[in-house]
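[1] just the structure for this:
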Amino acid sequence: MPVRVTPLTDPETTPSSRRLAWLASDADGVPLGSAFLRLFTKEGQEHLAELEIAVHPGERRKGVGGLLLEAAVDAARNEERRSLLAQAEDASPGDLFLTAGGFRRVLALTYARLPLADVDPARIAEVTQRPHPGYELTHWDGAVPAELAQTFADSRRAMDDMPMEGTDYGTVVWDVDRVLSVAEVIAKRGELLHTVAAVDRSTGSIAGFSELVVPGDGRGDGQHYGTGVLPEHRGHGLGLWMKAESIRLARLRHPELDGLLTDTADSNSPMLRINDELGYLPTHKAVEYQLGL
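    As a prediction, this is how the structure comes out:
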């Protein structure tokens, strides 16, 4: 079966990346599969590209995925990228495809969901009301308030030592402009960004944060975008405190929200313990793959 791979124009450009796209079709123009290659453009990640390939189940094992992969790898090399990342659910056809394509496993992830209908409000309140001497919680919607913008940008280094095992993910360089641009992108999608932060009372600076993105209509599932505590403030239970407060606020503000989704590296045992304590239930596992270019 002849397969044609056609480059497409993808309008999805963000302040930190741009995308290339391809469509695979048969001789009659019937779509068989697609590929998207995200090229990161921010300082610290210019070496990196991320791949997403999808082939219709009925068209697999016919070389379609291989042709899409070849096009994407060639483009990544032409863009002078050093590493190509891709993700697949564990033991899925995509998992096997990436292994056969020369990718190596670099990171195992556990995905989990908290059904909000099963949350015990008294239990969450007990966690959020525990004293944390020297710290206080604050929260905001959308873009960070101007008076906290610089300390919030500075606090993003809490994610720099997040367990990434062998992944060549580079270093994400955060400044106020990047923090504000992320909030703007989420707002343009029609989604709601809620942030909870722990503040060091002695300095007024942010010691940690937990971000949650909720669908614009307040229904379905929200997605945790990250919870991090600066190294010098760890060991005080701030991660559990902030995530519990995020749950409390989500239930209060979005009574029709069904659940909250999160994903955590299997090597990140502190966050896995937090998720377990708060009632998140594992849904599936995925594997991050990397191809050196």
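
[2] and the residue lying closest to residue 33 once chain neighbours are set aside, what's its pLDDT?
    Closest residue in space to residue 33, ignoring its immediate chain neighbours: residue 55 at 3.6 Å, by C-beta to C-beta, 6 or more residues apart in numbering. (C-beta placed from N, C-alpha, C; glycine too.) pLDDT recorded at residue 55 is 93.

[3] for the one 10 residues further on, same thing?
    Among the per-residue scores, residue 65 shows a pLDDT of 93.

[4] and for it, the neighbour number?
    When neighbours are defined as other C-beta atoms under 10 Å, residue 65 has 24 of them.

[5] list the residues that contact it.
    Counting by C-beta atoms under 8 Å, 6 or more residues apart in numbering, residue 65 touches 33, 53, 55, 97.

[6] run through the stretch 151-293 of the chain and note the low-pLDDT ranges.
    Scanning the stretch 151-293 of the chain for pLDDT under 70 picks out the ranges 161-171.

[7] just give me the neighbour total for the residue nearest to residue 33.
    23.

[8] same check, this time on residue 64
    Other residues close to residue 64 by other C-beta under 10 Å number 23.

[9] check contacts around it.
    Contacts of residue 64 by C-beta under 8 Å, 6+ apart are 3, 24, 32, 33, 55.

[10] ok, 10 Å please
    Counting by C-beta atoms under 10 Å, 6 or more residues apart in numbering, residue 64 touches 1, 3, 5, 24-26, 32-35, 53, 55-56.

[11] just to revisit the earlier point, got the contact list for the residue nearest to residue 33?
    So residue 55 contacts 24, 32-35, 61-68, 93-94, 97 (C-beta under 10 Å, 6+ apart).

[12] switch the cut-off to 6 Å
    33, 64, 65 (C-beta atoms under 6 Å, 6 or more residues apart in numbering).

[13] my read: residue 12 touches residue 19, true?
    Yes. Residue 12 is within contact range of residue 19, at 5.2 Å (criterion: C-beta atoms under 6 Å).

[14] ok so, going back, out of the contacts of residue 64, which comes closest to residue 175?
    Checking the contacts of residue 64 against residue 175 with C-beta to C-beta, the nearest one is residue 35 at 32.0 Å.
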